[in-house]
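*Asks:* sequence plus predicted model, see below.
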Amino acid sequence: MTRDYIRERQQRTGWLLVTPALLLLLLVYAFPILRAFWLSFFTENLSTSLEPVFSGLDNYGRMAQDGRFWQSMRNTAVFTVFTLIFELLLGLIIALSLDQAFRGRGWVRTIAILPWALPTALIALAWRWIFNTEFGVWNDLLLRLQIISNPVNWLGTPDWAMVAVIGADVWKTTSFVAILLLAGLQSISQDLYEAHAIDGASPWQSFRQITLPLIAPQIVIAMLFRFAQAFGIFDLIQVMTGGGPGGATEMVSIYIYAAVMRYLDFGYGAALVTVTFLVLIAVVGITWLYLSRLRAKTE
Amino acid sequence: MTTAPQTTAPPQTSDRGIPWMRVLLWAAIAFTVIFSLAPVLWQVLTSVKTNDAITADAVVYFPGLDQLTADHYLDLFRRNRFYIYMFNSALVSIVSTVLCLALGSPAAYALARLRIPGEQVILAIVLVVTLFPYILLFLGLLEVVRAFGLANNYLALIIPYTAINLPLTILVMRSFFQQLPKDLEDSARVDGYNTVQMLWRIVLPMTLPALVTTGILAFIFAWNEYLFALTFMTREEMKTIPVAAAQLGGTTLFEVPYGPLAAATVVGTLPLVLLVLFFQRRIVQGLTSGSVKG
Amino acid sequence: MSKLELQNLTKAYSRDIVPVKKLSLAVEDNEFLTLVGPSGCGKSTILRLIAGLDQPTEGRVIIGDRDVSPLPPGDRNIAMVFQSYALYPHMTVRDNIASGLKMRNLPAGDIQKRVQEASGVLGLDPLLDRKPAKLSGGQRQRVALARALVRNPDVFLLDEPLSNLDALLREQVRADLKQIFADQKSPIVYVTHDQTEAMTLSTKVAVLSNGHLQQLGHPNEIYKTPANRFVASFIGSPQMNLIPLSRVGNDVALGDFRVPLPSGSTAKSVILGIRPEHLRLPREGDACTVSGDVFLVENLGMSDLVSLRVQGDPSLTLRALLPADATWSKENLRLALPPELIHWFDGDTEQRLNA
């Protein structure tokens, strides 16, 4: 056997081309997460004069007792579940209508992806203004439609604040879901629908028996991405409510940020990061397995 | 809503009087348009209303001529030197986008064509990190920024922005490279190009549209980023638009300068609105090839 | 003076996938070698091994007296024309033609002169500033040829350059190719699955099957004395009649008829081969004839392809190319098998028996 010079040369160049990108990914992704894991076994806060002192699992023990942590986890779970449900429903409606042929479809498509492209922090400002108690347009509309009789303090009432941030996030990210689902819809051949219609199927039956099963992978992928983003939501909440009122909309990310930046409790913040990371990875891993099963079944 | 082909639907439905499917479709379209535009338009409207009109007892939907003003915009630039934030945002976004393409495309090419060992592992890693929320990274990055004294330095944002856009760049560019005919690269090799020359002079010029697509996505993500910008840039003259705008209102919910805030939102979103207007197709294409095919 | 030599060339992707097996051959100056064979026979892989796009598992590629096996394609001084033409879409025709020269850092004046020459030969002058997307298929093909010609390479490699052209254009370009390469001194290796191209263009044909070289020789030799059953069936259109028969004494029985075996052969079972164009109506003195019932007549224009079942054994069929000026659909037809045009192959080894 002669040496495969060509292959060797290619691989050398290949590694050369991949390495810079990999190093940067290691620095920005791998280091912070490993570092947080390491730091979570130390106490590093004002009581230790910001010096790391090894404290074993203390941070995790403290977390188990920490009502604020559990509250933030509950908030995050509620926020994630409801945004995902509404985004999927609305995203599906938008994707299905954008999949049809009609005049001006290009424009509607452009309009539909607009919310996704805009900066979340600025959009949060817009929603804060819309939900304003005195001058907000949302109260005004509801009053005019006589759905409410007195202005509601949306961002100042715990439950309503949660509704408001969920609404704002659904608005912001539904377009992302719609884009992914639309790609799935467009990959379905029209022949299938025509054959199905000739067999006497109603549109609803076609939707149930053809559309849904064939875009199932796109739905799972879109939900996976959205889960990860919703679970780590920061900017929208920080700008709209700051986690308030009274911690009613405080998500894990907001708590982490506060632990580190406000209370300078680095060790505890690191433990929070670690736990959040593990929960995320677990859910992603389970979805991944489910997805590969789904793919194996359709192939 | 329906997915039945419209070409076969109209003749049947018109017999029964009202074409329900068509009505439903237009209702869904109307909903989509209103849903997507209303909040933005409201902000635009607010930004050109006088303070009196903004805080009028009855909400002013259609301001009269005497209720229109450009003051909020002028304020942004006169009193708040908003052009500094715009410059910062633009600089950080453009530099990180260029860097991201410069690092990401060669890596994507290697992963698409050069059959390096460990290719599958690298791809899996790249795919998984696209799911990491930034909040998981900020503590570690904060330490890096402090260790290298990068606080209030553009690099503190350029480096993470380049990195967070790398996975998407690699996935999108790889799927484009895989679609290129292999003969062209073989031909270039016969002509005497080595891999790097070939990438630079043959492959990248051919994938220019893909580079534009990916670049737009990277630019959008960088322009919109909030957490790192909030944490690593504390000096006023280093802030980017999202952070500066969010801090315009101060910390309380009261006495908020609604007009300038609205104007700031409009100014900060305008570049992105333009990008979407011109590159809608590419954005859709990039997003789907980055997440679905990857 | 350059010469291309392949020594013991083998390419194995895995234990079972071995597209090229121990191939040795040489192509001299002024020689036009065609590699021909069905798809999957390894002919394109051989070209890629010569070009250096793939590395052989074993064996060497020698150009002139240089062993180029370890060299990258760019250092081998070869030019290659691809099936898809592989024109760089973002470059003008001029830049496409010049790209290989620029990589060799030739002075700009030289490059311009050579590009002018090649584009003159191929009639590309009015197209030089266009991009490939604005060219027709035939024009693109000529640009690809020009890009190879300007290089003055030590070896030309052409990978099915005509297969993307429509039938009409293909014949014309085939003729052009022959003229253009008649003026080139360097050895040419041409890959095709089309035997007409192989026969018309080459000075030497290599017939490949399954990674093995079946026969190497002048087109006439390949046609007149195919080395084995595969070559006999692959070269020639319509396909040669190949009939496995068992021996009866010094003859074989073809239905009710006897055909004498060539002297000195000892094979137990044989394959009789005769080309449809060599079967003819009997004349005075024809000793060896067969007759049978016509069951199919295909009109090929200048002649008819007549299929008949041999009398005495209806499972044996013969196809004959006969003048189109008569009606052949009559029941029974007698044909002569000129003994000097019969090809005999061993029934077991499938190798040629008669000289």
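*Replies:* Everything's here; your move.
*Asks:* number of nearby residues for the closest residue to chain C within the stretch 101-250 of chain A?
*Replies:* Going by Cβ to the nearest Cβ, chain C is nearest to residue A:106 of the stretch 101-250 of chain A, at 24.7 Å. (Each C-beta comes from the backbone N, C-alpha and C, glycine too.) Residues lying near residue A:106 (other Cβ atoms under 10 Å in any protein chain shown) number 11.
*Asks:* name the nearest residue to it, ignoring sequence neighbours.
*Replies:* residue B:280 (7.2 Å; Cβ to Cβ, 6 or more residues apart in numbering or on different chains).
*Asks:* let me see the contact set for that neighbour.
*Replies:* A:106, A:109, A:110, A:113 (Cβ atoms under 8 Å, 6 or more residues apart in numbering or on different chains).
*Asks:* quick one, phi/psi of the residue of the stretch 101-250 of chain A closest to chain C?
*Replies:* phi -60, psi -40 (degrees, to the nearest 10).
*Asks:* state the pLDDT value of it.
*Replies:* Looking at residue A:106, its pLDDT reads 85.
*Asks:* residue B:265 against residue A:125, yeah?
*Replies:* Yes: contact criterion Cβ atoms under 8 Å: residue B:265 and residue A:125 qualify, at 5.3 Å.
*Asks:* any residues in contact with both of the two?
*Replies:* B:43, B:245.
*Asks:* looking at those two, which is more packed in?
*Replies:* Using other Cβ under 10 Å as the criterion, residue B:265 and residue A:125 rank with residue B:265 on top: 30 against 26.
*Asks:* skip the chain neighbours and tell me the closest residue to residue 214.
*Replies:* Answering for chain A, as no chain was given. Distance criterion Cβ to Cβ, 6+ apart; nearest residue to residue A:214, sequence neighbours excluded, is residue A:188 at 5.1 Å.
*Asks:* that was the other one, I meant chain C.
*Replies:* Nearest residue to residue C:214, sequence neighbours excluded (Cβ to Cβ, 6+ apart): residue C:207, at 4.4 Å.
*Asks:* likewise residue A:291?
*Replies:* residue A:220 (5.2 Å).
*Asks:* residue 212: how many residues sit nearby?
*Replies:* You didn't pick a chain, so chain A it is. 13.
*Asks:* think we crossed wires, I meant chain C
*Replies:* 16.
*Asks:* is it correct that it is in contact with residue C:19?
*Replies:* No: checked against Cβ under 8 Å, the pair residue C:212 and residue C:19 is beyond contact range at 10.5 Å.
*Asks:* what about the residue nearest to residue A:106, distance to residue A:234?
*Replies:* Residue B:280 is 28 Å from residue A:234, where distance means Cβ to Cβ, to the nearest Å.
*Asks:* could you do residue C:72 as well?
*Replies:* Relative to residue A:234, and taking Cβ to Cβ, residue C:72 is found at 50 Å.
*Asks:* quick one, which of the two is more surrounded?
*Replies:* Under the criterion of other Cβ under 10 Å, the comparison of residue C:72 against residue A:234 puts residue A:234 first, with 22 against 18.
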